[in-house]
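Enquirer: this is the structure alone, sequence omitted:
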């Protein structure tokens, strides 16, 4: 039985007192991708599980997870899996799906064990679910595409929405990724919060010596966490989530909570950030 690392929820007053190492202990997720392993982190923010599977040409099976208290991880959960590596396979419910780089497989509640194979680097997200939707492979051309920003403000980007009401139904898990044009480095600014749901980011396609300075915290009490390639960060519902990189990058965003409306955000005026 797989035993994920557990991250407990804390309130914003406590977060104000944390130093750099303590912030990272609570919110930063490093060493996420390891060849031949499945690694998971169980967050008490909306019970989101995030993790990875890197089969490295072999086979890895995700089935029973101690933190869920169920016979199999998907007994009362749904899952989204993004491949950020080479071609791989995911077998679930008796069907094998060929998943290429940049594609997302949605897996519905009750689908059973999940088997990963090939050369993929699979980023895994799972949230509690109340209904079973069909498993579906979503290719880049199927995603909802939203272009935003401009080069002069260093935030020209395209948002690809995969687990979105207009693309693929889900219970509460929303998921996609944002790609930046060359020379653009700022994400999610002006900042926002959404107290009705938490969010997690995975930063990838970042040069080995590149970094993203991820901004978090209450709007009046901002902090930063330095992120390297293929590292994730957990964002509480009360926290902003934004950042700037030393080079262009991609980040996968995922949300779990009460509202699946992507535009349900409480915007923060730039002058109110501290």
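Expert: Here it is on my side, so go on. None of the values given here were measured: they were computed from a predicted structure.
Enquirer: and the end-to-end length of stretch 178-191?
Expert: 15 Å (CA to CA, to the nearest Å).
Enquirer: contact partners of it?
Expert: Applying CB atoms under 8 Å, 6 or more residues apart in numbering, the contact partners of stretch 178-191 are 149, 151, 153-160, 205, 212, 215, 219, 240-251, 253, 267-270, 273. In short, each C-beta sits where N, CA and C put it, glycine included.
Enquirer: so how far is that stretch off the chain centroid?
Expert: Centre-to-centre, stretch 178-191 and its host chain are 17 Å apart (CA atoms, centre = their mean, to the nearest Å).
Enquirer: buried residues, it. List them.
Expert: The neighbour-count check on stretch 178-191 (16 or more other CB atoms under 10 Å) flags 178-181, 184-189, 191 as buried.
Enquirer: stretch 127-138 too?
Expert: 127-129, 133, 135-138.
Enquirer: can you list the buried residues of stretch 178-191 in CSV and add secondary structure, pLDDT and distance to residue 67?
Expert: Output for these, formatted as CSV (DSSP: H, G, I helix; E, B strand; the rest coil; pLDDT from 0 to 100; distance: CB to CB, whole Å):
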residue, secondary structure, pLDDT, distance to residue 67
178, strand, 98, 29
179, strand, 97, 32
180, strand, 95, 34
181, coil, 95, 39
184, coil, 95, 37
185, coil, 96, 35
186, strand, 95, 35
187, strand, 94, 30
188, coil, 92, 29
189, coil, 90, 34
191, coil, 90, 31
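Enquirer: beyond the helix of greatest length in the chain, next helix or strand please.
Expert: As far as residue count goes, and with DSSP state H defining each element, the longest helix of the chain is helix 20-27. The first helix or strand that comes after helix 20-27 along the chain, using DSSP states H and E, is strand 28-29.
Enquirer: please name the strands paired to that following strand in the sheet, noting orientation.
Expert: Here strand 28-29 has these sheet partners by DSSP bridges: strand 231-235 (antiparallel).
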